[in-house]
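**Q** Task: produce atomic coordinates for the following.
(chains A and B)
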There are 2 protein chains.
Amino acid sequence: MKKEIPKPSLARLPKYYQVVITYLNNKRGKYISSSYLSKCLNIDDSQIRRDLMYIEIGGIPRVGYDAEELRDVLAEYLGYFNLNEAVLVGVGNLGSALAQYGGFEKYGLSIAALFDNDKDKIGKFVGNLKINNSNELDEIVQKFNIKIGIIATPAAHAQKVAEKMVASGIKAIWNFAPARLNLQEDIFIQDENLAENFSFISHYLKETVDKKNK
Amino acid sequence: MKKEIPKPSLARLPKYYQVVITYLNNKRGKYISSSYLSKCLNIDDSQIRRDLMYIEIGGIPRVGYDAEELRDVLAEYLGYFNLNEAVLVGVGNLGSALAQYGGFEKYGLSIAALFDNDKDKIGKFVGNLKINNSNELDEIVQKFNIKIGIIATPAAHAQKVAEKMVASGIKAIWNFAPARLNLQEDIFIQDENLAENFSFISHYLKETVDKKNK
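**A** The predicted structure follows:
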């Protein structure tokens, strides 16, 4: 049985992918070593080798990994070859930013339809995408067999929107609203709480800069 | 010597903080247990207790942690009591979204000034904040002794903006541009690569939903 990859290891794989892509684009060579990855990402060498064991790619001792093979195995493992369509609900500033964010497609994500319940927004366009009425969510999700829902509504609406998504057949939710969702267990939820991530910075500043000033 | 907290543990602390806040707001009781936190967050009980050892709070066996104490110790540890001011460069959709994102302040972050180099934007307002000319960055960072820079520019401008920030005295950078920054070692960089985080979803869908359909 294949061992399930721990979440922190999975979180690092896209970083390796980025480095390999740049490495190949710059024609740095046929092989890429874990120590090169380590230097670029400031991640421990041995950690990188352990992570890459999960994706079942073999390196050559003192040479490294075949860079093209590593790229393809990572892309396959991470599902980048499957272009996944998503619906996005909540076309405020954040929703608009996400809808127009360049670079999702190379990670296999295509935002296929936008929804809002604000009459002033419905019918307008963000880039090439029309903003649909939220009550059409069900129809569009089912028609195009979409599995991913992105929530960019205010916190107060997030739970209701999530339930509507699940009822229409969505299997994975990328939640940008600062609210914790409560859904049936087989739904995958990826929370993106921007304020929480700021904690790394505030803790760092408290530990270093503030102390120096005292 | 205090043992340094591992990054995954640090990443979980804001989640505990959120749960405790909700717990106290709903007047659920004086004590909060690690098993309650575990249930809310789907994080292993023993992991939670290990994480909380780093912040040096003692629980009562079979009762839990004093909820108010836990809230305060977490807030102190995470630096939420120090209100940190930040400058934000790049007022596109994502920058505007961040400037207006409710809920940063309770995590100790206040966005104090916005910058862009687009003449059509300079002088306009996002919420209460005026968009300043990027060439005033230096002056404002120094005048207000600001330590945090948020980058929301296109990837191609990120490195240059980061260097300008560091030259004016910024110590920590929150980078939303999909570009890897190369800066002197004592600068703290928190990368927020939205597309990378999508990998969790694409991998999940590949492993579960797609397989069921085959």
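**Q** Now do the helices in chain A.
**A** If DSSP state H is used as the criterion, the helices of chain A fall at A:7-25, A:34-41, A:45-54, A:67-78, A:93-100, A:137-143, A:155-168, A:194-207, A:209-213.
**Q** Show me the contact partners of the third one.
**A** When contacts are defined by C-beta atoms under 8 Å, 6 or more residues apart in numbering or on different chains, helix A:45-54 is touched by residues A:3, A:5, A:9, A:12-13, A:16, A:34-35, A:37-38, A:41, A:59, A:65, A:70. C-beta here means a position set from N, CA and C on the backbone, and glycine is covered the same way.
**Q** do the same with the fifth one
**A** Under the criterion C-beta under 8 Å, 6+ apart, residues A:88-89, A:91, A:111, A:114, A:116, A:126-127, A:129, A:150, A:152-153, A:176, B:92-94, B:96-97, B:100-101, B:194 lie in contact with helix A:93-100.
**Q** cutoff 7 Å now
**A** Residues outside helix A:93-100 that contact it (C-beta atoms under 7 Å, 6 or more residues apart in numbering or on different chains): A:88, A:91, A:111, A:114, A:126-127, A:129, A:150, A:152, A:176, B:93-94, B:96-97, B:100.
**Q** Could you tell me the angle between that helix and helix B:93-100?
**A** Angle between the axes of helix A:93-100 and helix B:93-100 is 160 degrees (criterion: axes from the mean of the first three to the mean of the last three C-alpha atoms, to 10 degrees).
**Q** The contacts of helix A:93-100, buried ones only, as a ChimeraX selection?
**A** The following ChimeraX line selects those of the contacts of helix A:93-100 that are buried, judged by 16 or more other C-beta atoms under 10 Å in any protein chain shown:
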select /A:88,91,111,114,126,129,150,152,176 /B:93,94,96,97,100
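**Q** Out of the helices of chain A, which one sits most buried?
**A** Mean neighbour counts were compared across those using mean count of other C-beta atoms under 10 Å in any protein chain shown; the top stretch is helix A:93-100, at a mean of 22.
**Q** got the CA positions of it in PDB?
**A** The C-alpha trace of helix A:93-100 is given here as PDB (Å, rounded to 0.1, in the frame of the first residue of the first chain):
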ATOM      1  CA  ASN A  93     -12.500  42.900  -4.400                       C
ATOM      2  CA  LEU A  94     -11.000  39.600  -3.400                       C
ATOM      3  CA  GLY A  95     -13.300  37.600  -5.700                       C
ATOM      4  CA  SER A  96     -12.300  39.900  -8.600                       C
ATOM      5  CA  ALA A  97      -8.700  39.500  -7.800                       C
ATOM      6  CA  LEU A  98      -9.000  35.700  -7.800                       C
ATOM      7  CA  ALA A  99     -10.900  35.700 -11.000                       C
ATOM      8  CA  GLN A 100      -8.200  37.700 -12.700                       C
END
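**Q** That one vs helix A:194-207, what angle?
**A** Put simply, helix A:93-100 runs at 100 degrees to helix A:194-207, going by the same axes, to 10 degrees.
**Q** in chain A, which helix or strand is least confident?
**A** None of the helices or strands of chain A scores lower by mean pLDDT, DSSP states H and E than helix A:209-213, at a mean of 60.
**Q** circling back: let me have the contacts of helix A:45-54 in TSV, extended by distance to chain B and pLDDT.
**A** Formatted as TSV, the contacts of helix A:45-54 follow (distance: C-beta to the nearest C-beta, whole Å; pLDDT from 0 to 100):
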residue	distance to chain B	pLDDT
A:3	13	68
A:5	8	85
A:9	11	87
A:12	10	87
A:13	7	91
A:16	11	92
A:34	18	93
A:35	18	93
A:37	13	93
A:38	14	91
A:41	9	82
A:59	22	87
A:65	19	96
A:70	15	96
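**Q** export those to CSV and tack on distance to residue B:183?
**A** As requested, these are exported to CSV (distance: C-beta to C-beta, whole Å):
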residue, distance to residue B:183
A:3, 37
A:5, 31
A:9, 26
A:12, 21
A:13, 24
A:16, 21
A:34, 24
A:35, 21
A:37, 19
A:38, 18
A:41, 14
A:59, 30
A:65, 28
A:70, 27
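**Q** Looking at those residues, which is nearest residue B:171?
**A** Distances from the contacts of helix A:45-54 to residue B:171 were compared by C-beta to C-beta; the smallest belongs to residue A:41, at 21.4 Å.
**Q** what's stretch A:65-81 in contact with?
**A** In this structure, residues lying in contact with stretch A:65-81 by C-beta under 7 Å, 6+ apart are A:13-14, A:16-17, A:20-21, A:23-24, A:30-32, A:55, A:57, A:59, A:107-108, B:199, B:202-203, B:205-206.
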